[in-house]
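Visitor: Structure for this input, please:
(one chain, ligands or ions: 1)
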Amino acid sequence: MSLTPSRPAPAAPLRKGSEIQNVLSNSGYGSSFSVGTSSASGSSSSTYSGIGGSPDRTSDSLMNAHIVRYGTVSVKEDGLVSWLWRPKYLVLKQQTLSIHKNENAPIQTLISLSDIANIERTDLKPYCLLLETKDKRMYFSLKSDEELYGWQDDIYSRSPLMGVSNPTNFVHKVHVGFDPISGAFTGLPDSWSKLLTKSAITREDYQKDPQAVLDVLEFYTDRQKREMEDMDFSATLGPRSGGGSSGYGSSLTPYPENASAPRFNAGTGLGGSKVSLDGRPGIKRQDSAPTGINGVDANGQPLSSSAALARAAELVNGSHAAQLQANTMSSGSGRGPLPGSLQPSRPAPPRPLLTANRPAPPAPHGALPKPPLPEHTPSSADLLLRAKAHGPPKETTTKPPGLAEDRIPQRKDSLGTERRLPERPNVGPAKSSPATSKPMTDPASGAAGSTVGPPPVKPLQPAKKPMAPTVTVTAEKEDGGVAAAAAALEKPKQVEKRISTMNEAQIMEKLRSVVSADDPKAMYSKIRKVGQGASGHVYVAKTLATGKKVAIKEMDLSNQPRKELIVNEILVMKESQHPNIVNFLDSYLVRSSELWVVMEYMEGGALTDIIENNTLEEDQISSICFETCKGLGHLHSQSIIHRDIKSDNVLLDAQGHVKITDFGFCAKLTDQKSKRATMVGTPYWMAPEVVKQKEYGAKVDIWSLGIMAIEMIENEPPYLDEEPLKALYLIATNGTPTLKKPEALSRELKGFLSVCLCVDVKSRATASELLEHEFLRKACALSGLAPLLRFKTKQGS
Ligand SMILES: Nc1ncnc2c1ncn2[C@@H]1O[C@H](COP(=O)(O)OP(=O)(O)OP(=O)(O)O)[C@@H](O)[C@H]1O
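Guide: Next up, the predicted model:
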């Protein structure tokens, strides 16, 4: 970690190149200085007399005014003498880097910093930098990290092609390198070092893909940070009333002023926000800043003077996911844990590591050794990751991360009843044991890449019915939330009001414009509670006029800090009616603070419970995948990405209808923004491109569908038993997961999985392509799914 002080202001304009050469060729360097930096580094150019002019031995003060850094460095150039490392004398000034044979020699090579396209760490040597201009590549071998970072920082910050033409007040917060010789990271923040030490990520993992390690650390700590913030949020609220004991608070809590918004959408391509190994092309370091390099925050959003507003924008933009999930775990089968709770998912018998391979299915994969289960006190992020797999933690008082005492997997059923699951035995030092998992792919099924192509990003479809005119919330350029999308459907060209400018009253006003004015109590009579989510209880109720059963989700709005999401969800459900979507029927505000969302009643409940209580046949798996895929096809045709497909979010009814629910994390792709970068979803179901914080599109849902298919085959998603950070690392690096018993599966099913779980997004199938897949032709009739619900009768539900 290199915390460097604020950057100096850039130098004033200097002379042009032609003058430079003249000056340079006529001068020589003094002999008295060694590696160092100018005390006046970049501070002023007012006395500057010439770019690249060699230091004037008689005028140290003048010299110091120009020279940023100088010293003898081992240099290797590409080209004829490319195998030779030679000691050279380098002098960095505000706009040039000159290379001399020695400190007394004239310039051999002069590089204008404006020509530098890249400066990055490379592993050619332990402390090695690669510098690239459009026609030159050269390597500098330094003696230490400090030296390396010094040169890199100083060159980087003065090279306009790298997007920092006007360095202002930014501070490098994370400045990490990886030394391939020692196999260790350098400059890791303390907290990250500790996390890594505690994690099951091995040194071999570092070596294999150090960037992935950083990616997952960043992801993980982002989540931790969010959870901590939620804890603060909850703590300030005190005990809640109603709606369970989730971490939802009662109002929007502003971020501290100037706090950079927590993010899951690092690496949005907006520059400077993604932590990377030094030297990774195209990615620089994390710069935190009051203002950021580009005047945007880590989300790529213009920084708001009000942190609360920044947060609201973030929420609507979808990057709230994990936070919401964390909150939603407090009760019912929600998606995120409260700190202090421990929430792995279903009973998970000890099993060999599901190992996988490098990207590119369907090639056979080698198994990775499983490291011993580490002594690991789950942090809040662990808890989140585990909890998010399925179901909530036990209801508990908020506890700081790291204080969870027990590691016994627990989850609740849909009614919030806690289940205590068998303790997961320590799987022991399986490091050297060969993985039993085998590739899921069947060569006979053909390479995914040969059969599928990239999905078209569909244009916005016109709204089927007019939206409430007051729904003007939109996301910013990076992530249109669904509300934004819905608004865009209505008035694509309108000047939309950013959610970040809306206060809670305005959001409530918007909500009021979405809901029906009637009194639901006069229309429905509740029968019983059938489920509990983070945001409220779910009841089955009778429609008084027709006798028809409906599900009503009741939410106490005073306990919902994320009302925008609720608006999102309602809007998407309203606009996405389809036989494979849990259809929205109506919504009501009761006493201004209670929101009722009435939807189709799915008496079969969540697929998760069905998986837990049955062994599914392939034709049933096919049928569920087919139905889910139809729902996804519909969403994607509307340019909506669900982003949280998993068995918890697929419900069945008594006739075996299969429907997707939970649209809180949906995102809308627009013509302007056909890709997303926000990290949203549930880690175990997340596509690698999401974990790696790349841009992604609708195909993330296809990946998640593939993981859901594995749930149906193996009862749980891959890596569920892994230590959380390791699980993220495996998702990021292994690519296509492997199966426990591939030999037990049909060629068609393996082929299906291979086109869903294809790391190469272009080769991953689209929903419409999947619908044509031979495996889905094996689907049983919906009536063939009804027997899967028998367990419910036995359970008396
Ligand atoms: N339409 C429905 N029909 C029948 N049961 C439902 C329906 N919707 C939800 N449930 C039941 O209620 C439980 C909680 O649903 P809910 O949507 O509140 O969960 P969640 O997604 O975890 O919470 P949240 O949306 O608040 O984050 C589900 O697991 C399911 O068992």
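Visitor: Convert the helix or strand containing Lys794 to CSV, retaining C-alpha atoms only.
Guide: Per DSSP states H and E, Lys794 falls inside helix 790-795. Taking Å, rounded to 0.1, in the frame of the first residue of the first chain, the C-alpha atoms of helix 790-795 are listed here in CSV:
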residue,chain,number,x,y,z
ARG,A,790,-46.0,-33.7,-2.0
PHE,A,791,-43.5,-33.0,0.8
LYS,A,792,-45.5,-29.9,1.5
THR,A,793,-48.6,-31.9,2.3
LYS,A,794,-46.6,-34.1,4.6
GLN,A,795,-45.2,-31.0,6.2
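Visitor: What is that helix packed up against?
Guide: Where contact means 3 or more C-beta pairs under 8 Å, 6 or more residues apart in numbering; DSSP states H and E, helix 790-795 is packed against helix 607-613. C-beta here means a position set from N, CA and C on the backbone, and glycine is covered the same way.
Visitor: is the ligand contacted by the helix it packs on?
Guide: No - remark: helix 607-613 sits outside contact range of the ligand, by C-beta under 6 Å from any ligand atom, the gap being at least 7.3 Å.
Visitor: that older thread, and the ligand, is the helix holding Lys794 touching that?
Guide: No - applying C-beta under 6 Å from any ligand atom, one finds helix 790-795 separated from the ligand by no less than 10.8 Å.
Visitor: residues of that helix that come out buried?
Guide: By neighbour count with 16 or more other C-beta atoms under 10 Å, helix 790-795 contains the buried residues Lys792.
Visitor: so what's the one residue in the stretch 51-200 of the chain that gets nearest to the ligand up against?
Guide: Per C-beta to the nearest ligand atom, Leu195 is where the stretch 51-200 of the chain lies closest to the ligand, at 27.3 Å. For Leu195, the contacting residues are 217, 220-221, 379, 725, by C-beta atoms under 8 Å, 6 or more residues apart in numbering.
Visitor: give me the element it is part of.
Guide: helix 190-198.
Visitor: interface residues of the stretch 551-700 of the chain facing the ligand?
Guide: So the stretch 551-700 of the chain meets the ligand at 551, 553, 582, 599-602, 605-606, 651, 661-662, 664 (C-beta under 6 Å from any ligand atom).
Visitor: Counting by contacts, list what the helix or strand hosting Leu565 packs against.
Guide: Element membership for Leu565 (DSSP H and E) is helix 563-575. Judged by 3+ C-beta pairs under 8 Å, 6+ apart, the packing partners of helix 563-575 are helix 307-316, helix 482-490, helix 504-514, strand 584-590, strand 594-600.
Visitor: how about the last one: buried residues?
Guide: This points to strand 594-600. Buried residues in strand 594-600, counted by 16+ other C-beta under 10 Å: 594-600.
Visitor: same check, this time on stretch 110-127
Guide: In stretch 110-127, counting by 16+ other C-beta under 10 Å, buried: 110-113, 115-116, 118-122, 125-127.
Visitor: Just put those in TSV and tack on secondary structure and distance to the ligand.
Guide: Listed next are the buried residues of stretch 110-127 as TSV, based on DSSP: H, G, I helix; E, B strand; the rest coil; distance: C-beta to the nearest ligand atom, whole Å:
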residue	secondary structure	distance to the ligand
Leu110	strand	60
Ile111	strand	55
Ser112	strand	55
Leu113	helix	51
Asp115	helix	52
Ile116	strand	48
Asn118	strand	44
Ile119	strand	45
Glu120	strand	42
Arg121	strand	42
Thr122	strand	45
Lys125	coil	51
Pro126	coil	49
Tyr127	coil	48
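Visitor: got those as a markdown table, with distance to Ser159 and pLDDT columns?
Guide: Shown next, in a markdown table, are these (distance: C-beta to C-beta, whole Å; pLDDT from 0 to 100):
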| residue | distance to Ser159 | pLDDT |
| --- | --- | --- |
| Leu110 | 15 | 88 |
| Ile111 | 10 | 90 |
| Ser112 | 9 | 88 |
| Leu113 | 5 | 89 |
| Asp115 | 8 | 88 |
| Ile116 | 4 | 90 |
| Asn118 | 9 | 86 |
| Ile119 | 7 | 89 |
| Glu120 | 12 | 85 |
| Arg121 | 15 | 84 |
| Thr122 | 17 | 81 |
| Lys125 | 22 | 83 |
| Pro126 | 24 | 81 |
| Tyr127 | 20 | 86 |
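Visitor: Can you name the two of those that sit furthest apart?
Guide: Greatest spacing in those, by C-beta to C-beta: Ser112 and Pro126 (28.8 Å).
Visitor: helix or strand right after the biggest strand by length in the chain?
Guide: Looking across the chain with DSSP state E, the single longest strand is strand 67-77. Next helix or strand after strand 67-77 toward the C-terminus (DSSP H and E): strand 86-93.
Visitor: what are the pairing partners of that following strand, and which direction each?
Guide: If you go by DSSP bridges, strand 86-93 pairs up with strand 67-77 (antiparallel), strand 96-100 (antiparallel).
Visitor: what's in contact with it?
Guide: 29, 51-52, 54-55, 66-76, 97-103, 105, 108, 140, 151, 154-155, 158.
Visitor: Report the buried residues of it.
Guide: Buried residues in strand 86-93, counting neighbours by 16+ other C-beta under 10 Å, are found at 88-93.
Visitor: pLDDT-wise, which helix or strand of this structure ranks last?
Guide: Counting by mean pLDDT, DSSP states H and E, the weakest-scoring helix or strand in the chain turns out to be strand 473-474, with a mean of 24.
Visitor: Find the residue closest to whichever residue of the stretch 651-797 of the chain sits closest to the ligand in space, skipping its chain neighbours.
Guide: Relative to the ligand, the nearest point of the stretch 651-797 of the chain is Asp662 (4.5 Å; C-beta to the nearest ligand atom). Excluding its sequence neighbours, the residue lying closest to Asp662 (C-beta to C-beta, 6 or more residues apart in numbering) is Asn649, at 4.2 Å.
Visitor: mind checking pLDDT for that neighbour?
Guide: Per-residue pLDDT puts Asn649 at 95.
Visitor: in the stretch 401-550 of the chain, which segments are predicted with low confidence?
Guide: Within the stretch 401-550 of the chain, the ranges that satisfy pLDDT under 70 run 401-502.
Visitor: try it again with 80
Guide: Residues of the stretch 401-550 of the chain that meet the criterion pLDDT under 80 lie in 401-504, 506-507, 534.
Visitor: Show me which residues of it sit near the ligand.
Guide: Residues of the stretch 401-550 of the chain lying near the ligand (C-beta under 6 Å from any ligand atom): 414, 530-535, 538.
Visitor: unless I'm mixing things up, Asp209 is touching Gly735, no?
Guide: No - Asp209 lies out of contact with Gly735 (C-beta atoms under 8 Å); the separation is 11.0 Å.
Visitor: where does Val755 land in three-state SS?
Guide: helix (DSSP: H, G, I helix; E, B strand; the rest coil).
Visitor: want to throw the buried residues of strand 594-600 into TSV with pLDDT?
Guide: Shown next, in TSV, are the buried residues of strand 594-600 (pLDDT from 0 to 100):
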residue	pLDDT
Glu594	90
Leu595	92
Trp596	94
Val597	94
Val598	96
Met599	95
Glu600	95
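Visitor: Now for these: which two are most distant?
Guide: It's Glu594 and Glu600 that sit farthest apart of those, by C-beta to C-beta, at 20.8 Å.
Visitor: how many other residues sit next to Lys762?
Guide: For Lys762, the count of nearby residues is 12 (other C-beta atoms under 10 Å).
Visitor: Regarding it, which helix or strand does it belong to?
Guide: When the helices and strands are read off by DSSP H and E, none of them contains Lys762.
Visitor: just the strands in the stretch 651-797 of the chain please.
Guide: Along the stretch 651-797 of the chain, the segments classed as strands by DSSP state E, counting those that start in this stretch run 658-660, 667-668.
Visitor: Kindly report which one of the ones you listed carries the lowest mean pLDDT.
Guide: strand 667-668 has the lowest average pLDDT among the strands of the stretch 651-797 of the chain, namely a mean of 72.
Visitor: hang on, the earlier thing: which ones are touching the residue nearest to Asp662?
Guide: By C-beta under 8 Å, 6+ apart, the contact set of Asn649 is 606, 642, 660-662.
Visitor: Pick out the lowest-pLDDT one from those.
Guide: Among those, Asp662 has the lowest pLDDT, at 87.
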